[in-house]
Structures are given as C-alpha cells and as structure tokens.
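Participant: this is the structure alone, sequence omitted:
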C-alpha cells in the first residue's frame, strides 16, 4: 500500500521536470558508420565526446532503445564524486599499489575536469563543488569510517578525507553526529548534463537514433527492430540494460529516490547543507542525498529486490515499500521534514559486477568494446571510462588500470537470486542491529562475505 505522503508524488525523476524531448530519428534501413555506440547514457555520450576530440570528423552513430538518458544517467542522485566502489586496499591486491594510486588520482582530478568541460562549453548542470559529508550515527558506522580513513592514509591520500567532530559537522548538517568529509565531490543536475553533452556532440556531427531497440550485436554490425548499421568499431554502453546478454558479467540492482517540494530557508536552517554539500551516512543499506539548485532535498537509497534471471522490471522503479522506507529514513534524519510534500518518486537499475569493479575492454581485432559496471558511482567513472575507450580506439593504448579487467562472473541461477536477495535483507537487518548499538556479529560478517 502506498504511503499517504507518496500517493500524490509524480512517478518520474525529478530531473525530468521541464524537460521536453525533441523529435526522434529511429534507425531504419541499412546504414554505416565508423563507430557505432549502443546506449545514449553517460558512457556512450562521453565515449562519443572524446572520440570527437581525438579523431574529429569520423562518422559516429549512437543507438538508443528509448530516449537519450533514459537509464541511470538521468535518474541518479547527481553525485560527481571521486568514489570507487571498493577499498583501495582491495584494488591493490588485484592491480598493485602503484596502479591503484594512479586510478584514484585520475578519479580525484576528473571531478574538476568535468566541471571545467561544462564551463568551457556552456553546459549549465547546476554544479556545486562543495564536497561530501558522510554522517556517523553509531559505533559500527564509526568503525567503518575509520577504516575508510586508514585506507586513504595508506595510499597517501590523507588530505582527501577528514574526520569531523560533532561541532564541525553541525556547521554543515544539523544534528549530533560525527562525520567524514571528502572534498572531491560535487552535486549536479544529471539530466542537464546529459542534454548538454548530447547537444554538444550532436553539433559535432554525432548522429542519434532513439527508439531503436537492438536485437543483436555482432562483430561489425548492429541490428535493431527496424534497421541495421555496419561499422568496424562497435561499443556496448548498455550497462544494466545489457546485463542479461553479458554472460553474468554484471547484474542489475535497483536504486530508488524521492524528492521534496522546494523547502523554505527556515526549513533549510534545520537541515543544513548550506553550500549544497552531498550527504550520506555509513549504514549498510546505502543512502545518498543532495540539496538541489531549487532547494529541494533529493534523497535516495537501495533496497529493491533482485529479479530472477537479471530481469529488469519497470514496476521496481516505483516500489512502495522502498520509497516508504526512504521517506522514513529521511524524516528520521531530519524531523523538520515530517510534513514536507513529496513531489517525485522514481528508481532504476544500475550495473554491478561480482567484484564491484568497473572495467573498459576493447578488442582491436574484432573492433568490439564494452565499458561499465560502476555500481552507482558512474557520473565521474563514465567520464574516465569513456575517455579511456576513446583513446584505445583512436590511439590503440591508454594507461587506465581498469582497462582489460575481467570480473569473475556472477553465480548461475538460482544461486544468484538467493545470494543477492539474502545480502539485501541482511544489510537491512544489520543496520537495525547497529542502530541499537551492536558492533560486528555473524550477520555483519556474512554481508562482508556476500559483497566481497
């Protein structure tokens, strides 16, 4: 049953307010290109952007099953962050310390680089680069926060994370919390970035074919429901929407969001986030939030169950139970919002590899490339991945450590369905235990095992 405060909310992403899609030009007949990109989200858009930088004048076509930015790119929380989904210590075990340090430095630098590209090309994505604050709300969360700090310090990044005491935290977020602060994070309006990039590369000659669902991807050829295109280079940027054909490389996991009405200055005085800092905490069942350009609170998190066989169900975008839990979590953090109107509710799938580590792969012999698996941290990662893919295509080489990385495959069904949904329920249970003061325990260790 829908929570009464959610009943009147629009079932659409806040970011699509005032967005009017233009006319489409679906792929029809037999076409050709130098490069064909499948998926018009951030991965595809950034790949095309960098290709127009490195090898201008090439014929590039982008094939999209729905409309530009239909997937996670225009439905996410709007964090332009330097976060990687796993500890640097864990990455170093696979890639070595030197390459891990290199990767994290690229992520730090890319936050400002995206901001600069927007400034250079007049893309008003409502960017506010004021860092991120992660609240610490119990002893277990404090242990995880200190592990974060230790991990950064080990690799020489102590200046990129700070522990804040209660008084300093209160200057940014009202309440009685410790927190960690990371300067390398901005918030933005993801739809405005999507549309700005699409317009920019369209002016450079990139051709979009929306409402063109791909039926098959072969070496040198893409076939859609109404036409095909041949190209020596094919790049798969479908992310979660390509999970079922990925050979268990990634699975789709849903994230959900709600947004309030525009809030008054008096209400914001009771919340904080005076400079639009990004906000989260250290619970297992991830939450994230931002103060938007028009003074709403956009609040998101996980919790929707995984569908058997990596199916994507549109009804999961509007899961009443998860949206109600998000509302409860938001009000528990900020009681002043107990009567605030909820104007939008939405969700969508993101792609998760088994080791939670994204990758860029390109086979020069066949001309086939794939990138993705960002685990919800894709606004910056897509920029980095798209640039690396474009360099591989244009120059044959790039030094990004994640190039060629192959995650181990997810377990076959029904083990995958059992494991992922068990992890989801355990994470929720562990959060409840930790809120009551418990640290560690069997369930907490099981979550670590299932995630790792």
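Facilitator: Okay, I see it. This is a predicted model, so every value here is computed, not measured.
Participant: does residue 244 touch residue 308 like I think?
Facilitator: No - Residue 244 lies out of contact with residue 308 (Cβ atoms under 8 Å); the separation is 11.3 Å. All C-beta atoms are positioned from the backbone trio N, CA, C, and that covers glycine.
Participant: who has more neighbours, the two?
Facilitator: Counting neighbours by other Cβ atoms under 10 Å for residue 244 and for residue 308 shows that residue 244 has the greater number, 16 against 12.
Participant: am I right that the more buried one falls within a helix?
Facilitator: Yes - assignment of residue 244 by DSSP: H, G, I helix; E, B strand; the rest coil places it within a helix.
Participant: can you tell me the closest non-neighbouring residue to it?
Facilitator: Excluding the flanking residues, the one nearest residue 244 by Cβ to Cβ, 6 or more residues apart in numbering is residue 310, at 5.0 Å.
Participant: picking that back up, shared neighbours, residue 244 and residue 308?
Facilitator: Residues within reach of residue 244 and of residue 308 at once, by Cβ atoms under 8 Å, 6 or more residues apart in numbering: there are none.
Participant: below-threshold pLDDT in this structure: ranges please.
Facilitator: Segments of the chain classed as low confidence (criterion: pLDDT under 70) are 1, 440-452.
Participant: on the three-state scheme, residue 217 is what?
Facilitator: Per three-state DSSP, the secondary structure class of residue 217 is strand.
Participant: partner residues bridging it?
Facilitator: Beta-bridge partners recorded for residue 217 (DSSP bridges): residue 222.
Participant: residue contacts, it?
Facilitator: Applying Cβ under 8 Å, 6+ apart, we find residue 217 in contact with 38, 234, 236, 245, 368.
Participant: the first one against residue 44, yeah?
Facilitator: Yes - Residue 38 is within contact range of residue 44, at 7.3 Å (criterion: Cβ under 8 Å).
Participant: these two: which is more packed in?
Facilitator: Neighbour count, other Cβ under 10 Å: between residue 38 and residue 44, residue 44 has more, with 33 against 24.
Participant: so the more buried one sits against residue 36, correct?
Facilitator: No - in this structure, residue 44 sits apart from residue 36 without contact. The criterion is Cβ under 8 Å, and the distance is 10.2 Å.
Participant: any common contacting residues for these two?
Facilitator: Common contacts of residue 44 and residue 36 (Cβ under 8 Å, 6+ apart): 62, 235.
Participant: where do the helices sit along this protein?
Facilitator: Along the chain, counting by DSSP state H, helices occupy 42-54, 88-95, 97-121, 139-154, 166-170, 190-203, 265-271, 320-333, 378-395, 415-435, 442-451.
Participant: return the most buried member of these.
Facilitator: With neighbours defined by mean count of other Cβ atoms under 10 Å, none of the helices of the chain is more surrounded on average than helix 42-54, at a mean of 25.
Participant: which other residues reach it?
Facilitator: Residues from elsewhere that reach helix 42-54 (Cβ under 8 Å, 6+ apart): 35, 37-38, 58, 60, 62, 64, 68, 73, 193-194, 197-198, 200-201, 204-206, 235, 237, 239, 371-372, 378-379, 382-383, 385-387, 389-391, 393-395.
Participant: drop anything exposed from the contacts of residue 217.
Facilitator: 38, 234, 236, 368 (16 or more other Cβ atoms under 10 Å).
Participant: thinking again about what came up before, now do the shared contacts for residue 38 and residue 44.
Facilitator: By Cβ under 8 Å, 6+ apart, residue 38 and residue 44 have these common neighbours: 62, 235, 237.
Participant: quick one: which of those is nearest residue 332?
Facilitator: residue 237 (37.5 Å; Cβ to Cβ).
Participant: make a markdown table out of the buried ones among the contacts of residue 217 and add distance to residue 223.
Facilitator: What follows is the buried ones among the contacts of residue 217, written out as a markdown table (distance: Cβ to Cβ, whole Å):
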| residue | distance to residue 223 |
| --- | --- |
| 38 | 11 |
| 234 | 11 |
| 236 | 14 |
| 368 | 15 |
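Participant: take the contacts of residue 217 and lay them out in a markdown table including distance to residue 11.
Facilitator: Compiled in a markdown table, those are given as follows (distance: Cβ to Cβ, whole Å):
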| residue | distance to residue 11 |
| --- | --- |
| 38 | 27 |
| 234 | 34 |
| 236 | 29 |
| 245 | 28 |
| 368 | 37 |
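Participant: inside strands: which ones of these?
Facilitator: Among the contacts of residue 217, the residues falling in strands (DSSP state E) are 38, 234, 236, 368.
Participant: residue 114 reaches residue 382, doesn't it?
Facilitator: No - when contacts are counted by Cβ under 8 Å, residue 114 is not listed as touching residue 382 (9.6 Å).
Participant: find the nearest non-adjacent residue to residue 307, please.
Facilitator: In space, and not counting its chain neighbours, residue 307 is closest to residue 313: 5.4 Å by Cβ to Cβ, 6+ apart.
Participant: around the one you found, how many other residues sit close by?
Facilitator: Count around residue 313 with other Cβ under 10 Å applied: 13.
Participant: likewise residue 298?
Facilitator: Applying the criterion other Cβ under 10 Å, we find 22 residues in the vicinity of residue 298.
Participant: and the nearest residue to it once chain neighbours are set aside, how far from residue 79?
Facilitator: With sequence-adjacent residues excluded and distances taken as Cβ to Cβ, 6+ apart, residue 298 is closest to residue 259, at 4.6 Å. Distance, residue 259 to residue 79, using Cβ to Cβ, to the nearest Å: 15 Å.
Participant: again with residue 413
Facilitator: The gap separating residue 413 from residue 79 is 32 Å, by Cβ to Cβ.
Participant: okay, these two: which has more neighbours?
Facilitator: When residue 413 is set against residue 79 and neighbours are counted by other Cβ under 10 Å, the residue ahead is residue 79, at 26 against 12.
Participant: right, and the more buried one touches residue 290 too?
Facilitator: Yes - distance between residue 79 and residue 290: 7.1 Å, which falls inside the contact criterion (Cβ under 8 Å).
Participant: any common contacting residues for the two?
Facilitator: Each of 187, 278 lies in contact with both residue 79 and residue 290 under the rule Cβ under 8 Å, 6+ apart.
Participant: quick check, residue 210 in contact with residue 26.
Facilitator: Yes - checked against Cβ under 8 Å, the pair residue 210 and residue 26 is within contact range at 6.6 Å.
Participant: okay, the two: which has more neighbours?
Facilitator: When neighbours are counted by other Cβ under 10 Å, residue 210 comes out ahead of the other of residue 210 and residue 26, with 20 against 16.
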